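In: 3D model of this:
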Amino acid sequence: MLTGRVGSASIESACGLAEEVVRTFGEVRLRVSGTSMVPSILPGDLVSIQRASLREISPGEIVVFLRKGRFIVHRVVDRKAVAVACSSTEPCLITRGDRLRRDDPPVFALELLGRVVSIERDNRKLELPAGGSNHPIVRLLQASDRLTHLYLRLAACRRTLFLGRAKCRA
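Out: Modelled structure (predicted):
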């Protein structure tokens, strides 16, 4: 029980530090742990985040925002103005993980850290994936957590197989 609290405090401290780095210096690299962006971003991938304001972000881009002490990496699906007070509206982004079926609650300027400018997997940079939920593989992964688990297992086996061969040849 105590380790859970310490672990949670460590995560919050790390998030706070990374948030301060990106807000101060404009860039930070983070390792992804979730599956909401599969197959575009896999657990273990490194993403480079560059500070950006709400008005600089367009639908289709992948952004990072802070919510409840955790970083979330999701794709922007829309830009809106949402009523926040009696008569005022505030601009926001509507985001969603590629593998998810529902949009996230609106992302406001204070939550936004920036955009993903590069993805690194197995020590090589990948092209930033466009689109999102229109790809047939994504639709299959949206339909089943079991298929997502199988996809991730196959991706891990592929990494091991090809990286193992490359290491033996070198």
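In: can you pull out the strands in this structure?
Out: With DSSP state E as the criterion, the chain has strands at 27-31, 46-51, 62-67, 70-83, 89-96, 112-121, 124-126.
In: which elements pack onto the shortest one?
Out: Contact here means 3 or more C-beta pairs under 8 Å, 6 or more residues apart in numbering; DSSP states H and E; on that basis strand 124-126 packs against strand 112-121. (C-beta placed from N, C-alpha, C; glycine too.)
In: that older thread, out of the strands of the chain, which is the most enclosed?
Out: Mean neighbours per residue, mean count of other C-beta atoms under 10 Å, is largest over the strands of the chain for strand 62-67, with a mean of 20.
In: looking at the strands of the chain, which is closest to Thr160?
Out: Thr160 sits nearest to strand 112-121 of all those, at 13.3 Å, using C-beta to C-beta.
In: direction included, what does that closest one pair up with?
Out: Strand 112-121 pairs in its sheet with strand 46-51 (antiparallel), strand 62-67 (antiparallel), strand 124-126 (antiparallel), by DSSP bridges.
In: what sits up against it?
Out: Strand 112-121 is contacted from outside by 19, 22-23, 26-27, 29, 40-42, 44-54, 56-57, 61-66, 71, 73, 93, 125-126, 128-129, using C-beta atoms under 8 Å, 6 or more residues apart in numbering.
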